[in-house]
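Q: mind looking at a prediction? Sequence and model below.
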Amino acid sequence: MKRTPHLLAIQSHVVFGHAGNSAAVFPMQRVGVNVWPLNTVQFSNHTQYGQWTGEVLAPAQIPALVEGISNIGELGNCDAVLSGYLGSASQGRAILSVVQRIKQANPRALYLCDPVMGHPEKGCIVPAEVSEFLLEEAVAAADLLCPNQLELDSFAGRRARSLEDCVGMARELLVRGPKAVLVKHLAYPGKSADVFEMLLVTAEGSWHLQRPLLAFPRQPVGVGDLTAGLFLARLLLGDELVAAFEFSASAVHEVLLETQACGSYELEVVRAQDRIVHPRLRFEARRI
Ligand SMILES: Nc1ncnc2c1ncn2[C@@H]1O[C@H](COP(=O)(O)OP(=O)(O)O)[C@@H](O)[C@H]1O
Ligand SMILES: Cc1ncc(COP(=O)(O)O)c(C=O)c1O
Ligand SMILES: [Mg+2]
């Protein structure tokens, strides 16, 4: 019997709704991965409501919790670490030390970094020091990096001018360490207005994917967290990079369709659970 993979997911938790681990843990479990959620913050709700309550986890708790897992002899079973929304730069540094430790216990373990940098205009609030940490330190440690357009531009230090330019910017990131860069949402001058586009860049080549752009009265939050989580989950289950990319885009589209049909602001991950596992449409990534 094939072993069930184990994934340490270090990102935000919201009590109400779906963002960070609250968007990704259940879908990752539903596709067949044992998830170890470690919550960087516990907020009442995601920050795009403009107000929230709750606390940031003390950074020392991150190595302390991993130590506990090591003490019971389970750390070598960790197949991957995912990091997303961080409450402080010290949390980020604690995660990098934990990744090193896990790689010692399991040299095949992967580290996926979703460099959530915040988007003040959209109301995604992340401390400024976190962006600096992601730009300077996290990128070199990551095996897989999943920026959105704004984050890709921040890594490059300038705005993308075209799709080719986005590919070039992602390739520059490969030089800094990651084996693959998944751009979860493209927005460049000249992009067609009626489609949602994504990009995967590896040493072997570049793949572009389009899916329908859906209309929402308020853009749902947590889509990036869901995309990165499902991409990593499918890789651990044995998919190649391009197949995992196509799967995550297709499954996320199912969640968005359900969310739209319900007229809900929060992602309908529970109602869409069967379709997450078996998306009805498979979007094909085209090599460019
Ligand atoms: N198919 C789609 N149609 C419309 N909007 C979408 C679709 N897929 C994702 N979105 C929206 O696109 C935005 C992507 O957010 P962005 O900050 O660029 O990246 P991410 O959340 O992936 O890190 C989110 O507001 C999300 O709700
Ligand atoms: C607490 C929290 N976690 C995670 C995110 C990231 O969400 P997304 O997947 O939309 O980038 C946000 C965005 O506002 C947030 O407030
Ligand atoms: Mg994001």
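A: Received the coordinates, thanks. Numbering: from 1, shown residues only. Ligands and ions are numbered 1, 2, ... in the order given.
Q: report the backbone C-alpha coordinates of the helix or strand containing residue 153 in CSV.
A: Here residue 153, judged by DSSP states H and E, is contained in helix 149-156. Provided in CSV are the C-alpha atoms of helix 149-156 (Å, rounded to 0.1, in the frame of the first residue of the first chain):
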residue,chain,number,x,y,z
GLN,A,149,2.1,39.1,-9.8
LEU,A,150,2.7,41.7,-7.2
GLU,A,151,5.1,39.4,-5.4
LEU,A,152,6.9,38.5,-8.6
ASP,A,153,7.3,42.2,-9.4
SER,A,154,8.7,42.8,-5.9
PHE,A,155,11.3,40.0,-6.3
ALA,A,156,12.3,41.6,-9.7
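Q: what's the following helix or strand after it?
A: Helix 149-156 is succeeded, C-terminally, by helix 163-175 (DSSP H and E).
Q: moving C-terminal of that next one, what's the next helix or strand?
A: Sequence order places strand 180-183 as the next helix or strand after helix 163-175, per DSSP H and E.
Q: got the angle for the very next helix or strand once past that following strand vs helix 163-175?
A: Downstream of strand 180-183, the first helix or strand assigned by DSSP H and E is strand 195-202. Comparing the axes of strand 195-202 and helix 163-175 via axes from the mean of the first three to the mean of the last three CA atoms, to 10 degrees yields an angle of 40 degrees.
Q: is strand 195-202 in proximity to ligand 3?
A: No - against ligand 3, strand 195-202 shows no contacts by CB under 5 Å from the ion, the least distance being 12.8 Å. All C-beta atoms are positioned from the backbone trio N, CA, C, and that covers glycine.
Q: now swap in stretch 123-142 and tell me
A: No - using CB under 5 Å from the ion, stretch 123-142 never reaches ligand 3; the gap is at least 7.0 Å.
Q: and the helix holding residue 153, what does it pack against?
A: helix 163-175, strand 180-183 (3 or more CB pairs under 8 Å, 6 or more residues apart in numbering; DSSP states H and E).
Q: the residue of the stretch 1-150 of the chain found nearest ligand 3 - how many residues pack around it?
A: Proximity to ligand 3, evaluated over the stretch 1-150 of the chain using CB to the ion, is greatest for residue 116 at 4.8 Å. Residue 116: 27 surrounding residues under other CB atoms under 10 Å.
Q: and it, how far from residue 147?
A: 9 Å (CB to CB, to the nearest Å).
Q: now residue 99
A: 18 Å.
Q: what is the subsequent helix or strand relative to the helix or strand where residue 225 lies?
A: Assigned by DSSP H and E, residue 225 belongs to helix 223-236. Next along the chain after helix 223-236, taking DSSP H and E as the criterion, comes helix 241-262.
Q: so what does the following helix or strand past that next one touch, helix or strand wise?
A: Sequence order places helix 273-277 as the next helix or strand after helix 241-262, per DSSP H and E. If contacts are counted by 3+ CB pairs under 8 Å, 6+ apart, helix 273-277 sits against helix 21-31, helix 241-262.
Q: neighbouring contacts of stretch 188-203?
A: 149, 160-163, 165-167, 170-171, 173-174, 179-186, 206-214, 227, 241-242, 245, 249, 285 (CB atoms under 8 Å, 6 or more residues apart in numbering).
Q: quick one: buried ones out of those?
A: By neighbour count, with 16 or more other CB atoms under 10 Å, the contacts of stretch 188-203 hold 149, 160, 163, 165-167, 170, 173, 180-186, 206-211, 227, 241-242, 245, 249, 285 as buried.
Q: in the protein, which residue sits closest to ligand 1?
A: Proximity of the chain to ligand 1 (CB to the nearest ligand atom) peaks at residue 224, 2.5 Å away.
Q: who are the neighbours in contact with the closest residue to that residue other than its chain neighbours?
A: With sequence-adjacent residues excluded and distances taken as CB to CB, 6 or more residues apart in numbering, residue 224 is closest to residue 184, at 5.0 Å. The contact partners of residue 184, by CB under 8 Å, 6+ apart, come to 146-148, 198, 223-224, 227-228.
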